[in-house]
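> coordinates only, sequence not included:
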C-alpha cells in the first residue's frame, strides 16, 4: 500500500517538475545573488568554486526529473531508462532553444550536466525500486 502511494506521489510530481524545469530553462535568467542558492552552496562544497553552480543546478534539475520518472514506475525499469534518454534529448533540445533568446546561450556542458544528473538519478531510483519490490515480495510471503 505504501509503495502505491509513493508511486502516485512521483506520478504527480513528474509533470510538475517537467513544467518547472522547462519554464526555468526557456525564460530569461533573472540572475541570482552569489551564494544564495543550494546549487551555489553545493558547488562551493564540492569544487570550492561557485562558478560551477550553474552545472550543479542543471544536474539537480535533471536528477529530479529522472528520479521522479523512475520512482513513478510508469513502466518497467528498462522503459524508464528509455525515458531518461528521452529526458537527456529534451534537455539538449532546450539548450538549443536557449540559443534563440538574447538573454540566454547554448552550453554543451549544461547538456552534459543534464544527462549526468538523469543517469545518476535513474541508477539510484532503479536500485530503490528493486529494493521496494523485494520488500513487497517478502511481505506477501509472510
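Structure's in. What do you need? Please read these numbers as outputs of a predicted model, since none were measured by experiment. Numbering: from 1, shown residues only.

> show residues contacting stretch 97-117.
Here stretch 97-117 makes contact (CB atoms under 8 Å, 6 or more residues apart in numbering) with 25-26, 28-29, 54-56, 58-64, 66, 87-88, 91-92, 95-96. (Each C-beta comes from the backbone N, C-alpha and C, glycine too.)

> which ones among these are found in helices?
Counting by DSSP state H, the contacts of stretch 97-117 place 25-26, 54-56, 58-64, 66, 87-88, 91-92, 95-96 in helices.

> tell me the buried residues within those residues.
25, 54-56, 58-64, 66, 87-88, 91-92, 95 (16 or more other CB atoms under 10 Å).

> helices of the protein, residue ranges please.
2-26, 38-47, 53-72, 77-98, 108-141.

> now the longest one and helix 2-26, what's the angle there?
Looking back up the chat, that one is helix 108-141. Orientation check (axes from the mean of the first three to the mean of the last three CA atoms, to 10 degrees): helix 108-141 against helix 2-26 gives 170 degrees.

> chain center to helix 108-141, what's the gap?
Averaging C-alpha positions (CA atoms, centre = their mean, to the nearest Å) puts helix 108-141 11 Å from its chain's average.

> wait, isn't residue 65 in contact with residue 16?
No. Counting by CB atoms under 8 Å, residue 65 sits too far from residue 16 to count as a contact (10.4 Å).

> which of those two has more residues huddled nearby?
More crowded of residue 65 and residue 16, by other CB atoms under 10 Å: residue 65, with 27 against 10.

> and residue 40, how far from residue 51?
Shown here: residue 40 relative to residue 51, a distance of 10 Å by CB to CB, to the nearest Å.

> for residue 76, same thing?
40 Å.

> what do you get for residue 99?
If you measure residue 99 against residue 51 using CB to CB, the figure is 21 Å.

> so, low pLDDT: which residues of the protein?
Along the chain, segments meeting pLDDT under 70 span 1, 29-36, 142.

> can you give me the end-to-end span of stretch 68-81?
Terminal residues of stretch 68-81 lie 12 Å apart, using CA to CA, to the nearest Å.

> can you pull the buried residues of that stretch?
Those would be 68-73, 80-81, for stretch 68-81 by 16+ other CB under 10 Å.
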